[in-house]
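Participant: Any chance you can model this:
(chains A and B)
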Amino acid sequence: MLDRELKKGSAELIILSILEPRARHGYEISKLIETRSHGQLKFHIASLYPLLYRLEERGWLQGRWVEKAGQRRRRFYSLTAEGKKVLASQRSTWKAFVEAMGLITGVHHA
Amino acid sequence: MRNPSGGDWNDDLRVRLAGLRLSPAREAEIVEELSQHLDDRYEELRAAGSSDADARRLALEELSEAGGLTQRMQSLSQVNQPAPVVPGQLRPGVLRGLWQDVQYAARTARRQPAFAATIVATLALGIAVNSTVFTIVNAVVLRPLPFRDADRLVRLNMRNVGNADNSVSQLSFLDFQDWRAARRTFERMAATVERAVDLSDDQQLPALVGAAYVSWNTFSLIGQLPSAGRDFTAADDRVDAPPAVILSGNLWRTRYGADPTVLGRTIRIDGIPSTVVGIMPPEVGFPDRAELWLPLITLPEADRIRRGVRIIGGVGRLRPGVTIEQAAAELGGITTSLAERYPESNRNTAPLVSPFTVAPQFIAITLALLGAVGFVLLIACANVANLMLARAADRARDVTLRLALGASRWRIVRQLLVESLVLSAAGGGAGLALSYPAVWALQRLPQESAPPSWVQFTLDQNVFAYLVVLCMGSALVCSLVPAWQASRPDLITTLNDTARGSAGRNRRRWMGTFVIAQVALALVLLTGAALMMQNLVTQLRTDVGVDSSGLMRTAFDLRRRDYDGERRLLFLNQLEERLASNPSINATLASAAPLGRTLMMKLRVDGESASADALPLVSIVHTGRRYFDVLSTPVLAGSALPADDPRQGSDDVVVNERFARMYFQDGAAVGRRLLLIEPDARADASEARWRTIVGVVGNVRQRMTPSGEFDPVVYAPYATDPPQTMVVLARSTSGSAAAAAFVGDQVRTLDPDLPLVPAITVAESLAQQLWPQRLFGSMFAIFASIAMLLAACGLYAVTSYAVSRRTREIGVRLALGADARSIWWAMAGTTVRQLAIGVALGTAGAAAVATILPALLVGTGSASYLAFASVVIVLVAAGIIASALPARRAMRLDPVVELQAE
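Facilitator: Residues are numbered from 1 along each chain as shown, chains lettered A, B, ... in the order given. Predicted structure coming up:
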């Protein structure tokens, strides 16, 4: 498990990245985070949804109820234009940070 | 897709969301969304092999992870939405919640009776002094006077614009008659003269009572009418009218046992049979504290025919919409023409029209008192706030738990507000109970210190409203910071351990702030009180120039006796002889006792040529032959006796040392000449005759001077101009009571119907004259003592709290070998620092008080650094003792015990 602080700082970036290709619902987001991190990261219900609601309040995400035949309606989240901008800027900040950490600590990407 | 065995998550979710106060629609949305998530998670866990129950439990557990859903949603802006308001429908939830809060507060108070009692007592003290002083402010400033259209009533006086002191005098009877022509701005004008009269009848001993001669329209002007009988009419106020008198309700009750048949009966006023025509309600004593009223025309003729005799207090009712300036302008016109017609008496006069209120100086000092008690209440509130802060630390776990269970922050704050409201309401009730006896005492101030009868100290609805505001205000002041602090605990540290984290530090910082404020406020109050007491003590210690405690004084008034000048002189001479007949009692006559009011006359010293307006006023005392003997005043130069027989009258005078030094550069006054001129006459008034100074005597004080120096006095033999009112001064080896009895006997032998004023010593009369200083000085002293006590309690409590919170730290320090002194300093050091900051801030405030107060006080010298320094020393000493006690406790802790307790 990654350090809690690190996770907290990067949580927004993770959510935004997951939603970049297309809209997804909450459970799908949590599963994707888990599988893509090979089980290193887990966003459970108690932390995921408050974060989604917060990002939605900031105007980075938009939630929409989508109904499909024969299924319950689900709430799908997609990036807004502002969300995309934030994602781009957070990504470059993160990249710079990781590179700087690499230079200092001698840890490099595989 | 619905999972049958996953069940319904609604209840689990709604419980967690309840405290967030989401809008109902949003809450339903979130419940739906999260239910789906939990369904999916449940399915996943089942698929991985968990049992039904395990899958459900694990899914639910994730709801509480990482601080829990509720906690994490707390900061979203969609929470705390106000519920929709349905018109016409109460919100039972809110009201019920409030009632629960009140009950909870009462339960808490019962569980911690000592804590609650301390808070209630502290607030009760603060509130009691405030409501008592507010009762005075209410009576003096706020409440309308009990007169009809009180805002249109004005006082009318004369201002003497000629002399430098711009002094104010009353009106002469004739001037008043002329002023009545000002019909454009005045609806009506009335006149009053207060004077003591001899009241006698066939039932009781003659008595000297305070009377008021009033113009017939006085009572209808102020709108206070007799409760029985009739008011005066214009017919009563004519020279040839049969004498009529109206009794006060008070006199009617005390002297006549409230007998209704007194109406129409004949009583004697100064020996003149007069018919009782009316009885006033008991609360009326207009213009001040009159016991009976007589028509203005019954004033002795001598007081009515000279424009120089200014004895009338004018009262006017302005026409609606007329300003005081307009009224003064109209009177100014009349006054100017009077000055042209009667330059002898009326030159350099101007009308003075002022609103009918209590003296402005009294109002100012009352407001100063209100400010002082406001400080006391603030100090009390700071103490209560500190107590609540300390307790909030103990309750941090409780509060955290409630927050974690979904209580909103406002809910926690409200709970604490309600608690302090309940406590301050109890404090207010107790405070009210305490202020009852105080107001009772105010209503029974001794005659000489009581305000006019139309100022009534009562706890009316104004006072109650103020009390309610005080309670709510102090509840708010006391609880805001504690509530704010309590509602944002540091969750992790609080739940993990006792509060030693940032919350604890914050709390201590607040407590320190309160302590600093307390010390500063207490210092300001103490300085004010010290200045007032210093002023009072200085004045009580005023050097009168004679041994004032053994010197008895009484007085009589010959004005109403049918004595002409010759008869008066004969009476005085006979009395003076009789007073000398007892070898063990040394007694004499004088027109004024030391510190008593004297005749003032304009003085022109031979050889000086000041203009008439610039002539100084000097006190004249007409004395009997043995005056300086009785007073033991040394004769410094010349002789204390006129060369001729004093009983025949003489132009010789004696002056005191101060006079000699003031007016003669070498102090050699004997043989010099001076003119004494009536104050309202012109300087070259021909009736004044030259007087020769035959002797200089030691200083005896007649009046207070701002500098504390003796005042210049001229003594003339009473035979020169036999005064109407005389004082008898006596000193006896067998006590002043024996002297008083002897004097009374001698007076009654000569005139059995002549009443004497009650005998007191000169020292007592000085104390009586100083009643405002005594009253306000002691009130300030009481308030300041309370303030200091509260501030010391505050320091004690805060140090105590710090010690109890830091026992482990102390234990570690001791175990590591810290010596006792460094422990003591660690605990008391903070308090000492706070004390120092408080004193620094308070000094600034005290400096302001020191500049304002002397303006409010009569005769205060400049602020004394000694008084201030002693105040600081007392306060700092109290503060250090208060903080040293708990610090000593810390010093003596046993490290082993303290560390094991953890």
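Participant: how close does the residue nearest the centre of chain A get to chain B?
Facilitator: Closest residue to the average C-alpha location of chain A: A:I15 at 1.1 Å, with CA atoms, centre = their mean. Going from A:I15 to chain B by CB to the nearest CB, to the nearest Å gives 14 Å. (C-beta placed from N, C-alpha, C; glycine too.)
Participant: What pLDDT is listed against that residue?
Facilitator: pLDDT for A:I15: 88.
Participant: mind listing what it touches?
Facilitator: Shown in contact with A:I15 (CB atoms under 8 Å, 6 or more residues apart in numbering or on different chains): A:I29, A:L51, A:L52, A:L55, A:L61.
Participant: which one of these is nearest B:F176?
Facilitator: Nearest to B:F176 among the contacts of A:I15 is A:L55, at 87.8 Å by CB to CB.
Participant: What does the residue lying closest to the closest one once chain neighbours are set aside show for phi and psi?
Facilitator: Closest residue in space to A:L55, ignoring its immediate chain neighbours: A:L61 at 4.6 Å, by CB to CB, 6 or more residues apart in numbering or on different chains. Main-chain dihedrals, A:L61, degrees, to the nearest 10: phi -120, psi 160.
Participant: and what of the one 5 residues further on?
Facilitator: Dihedral pair for A:V66: phi -120, psi 130, per degrees, to the nearest 10.
Participant: Also B:T692?
Facilitator: phi -110, psi 130.
Participant: near chain B, which residues of chain A?
Facilitator: Within chain A, the positions adjacent to chain B are A:25-27, A:30, A:44-47, A:49-51, A:53-54, A:57, A:71-72, A:74-75 by CB under 8 Å from any CB of the partner chain.
Participant: Just the buried ones among the residues you listed, please.
Facilitator: For the residues of chain A next to chain B, a burial check counting by 16 or more other CB atoms under 10 Å in any protein chain shown picks out A:25-27, A:30, A:44-47, A:49-51, A:53-54, A:74-75.
Participant: Where helices are concerned, which of those count?
Facilitator: A:G26, A:Y27, A:S30, A:I45, A:A46, A:S47, A:Y49, A:P50, A:L51, A:Y53, A:R54 (DSSP state H).
Participant: The second one reaches B:R41, doesn't it?
Facilitator: Yes. The pair A:Y27 / B:R41 is scored as a contact, 7.2 Å apart, by CB atoms under 8 Å.
Participant: Model confidence for residue 26, exactly?
Facilitator: You didn't say which chain, so I picked chain A. With respect to pLDDT, A:G26 scores 88.
Participant: Not quite, go with chain B.
Facilitator: Looking at B:R26, its pLDDT stands at 82.
Participant: That one: neighbour count?
Facilitator: Residue neighbour count, defined by other CB atoms under 10 Å in any protein chain shown, stands at 16 for B:R26.
Participant: Identify the residue spatially nearest to it, adjacent ones excluded.
Facilitator: Take B:R26 and drop its neighbours on the chain: the residue closest to it by CB to CB, 6+ apart is B:Q78, 5.8 Å away.
Participant: Tell me who's in contact with the one you found.
Facilitator: With contacts defined as CB under 8 Å, 6+ apart, the neighbours of B:Q78 are A:Y53, A:E57, B:L22, B:S23, B:R26.
Participant: Include secondary structure and distance to B:L558 when you put the residues you listed into TSV, please.
Facilitator: Listed next are these as TSV, based on DSSP: H, G, I helix; E, B strand; the rest coil; distance: CB to CB, whole Å:
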residue	secondary structure	distance to B:L558
A:Y53	helix	99
A:E57	helix	96
B:L22	coil	93
B:S23	coil	92
B:R26	helix	96
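Participant: Tell me which residues touch the residue lying closest to A:F76 once chain neighbours are set aside, please.
Facilitator: Using CB to CB, 6+ apart and skipping residues adjacent in sequence, the residue nearest A:F76 is A:A23, 4.2 Å away. Contact analysis of A:A23 by CB under 8 Å, 6+ apart lists A:R64, A:V66, A:F76, A:Y77, A:S78.
Participant: out of the residues you listed, who's nearest B:S420?
Facilitator: Nearest to B:S420 among those is A:Y77, at 45.4 Å by CB to CB.
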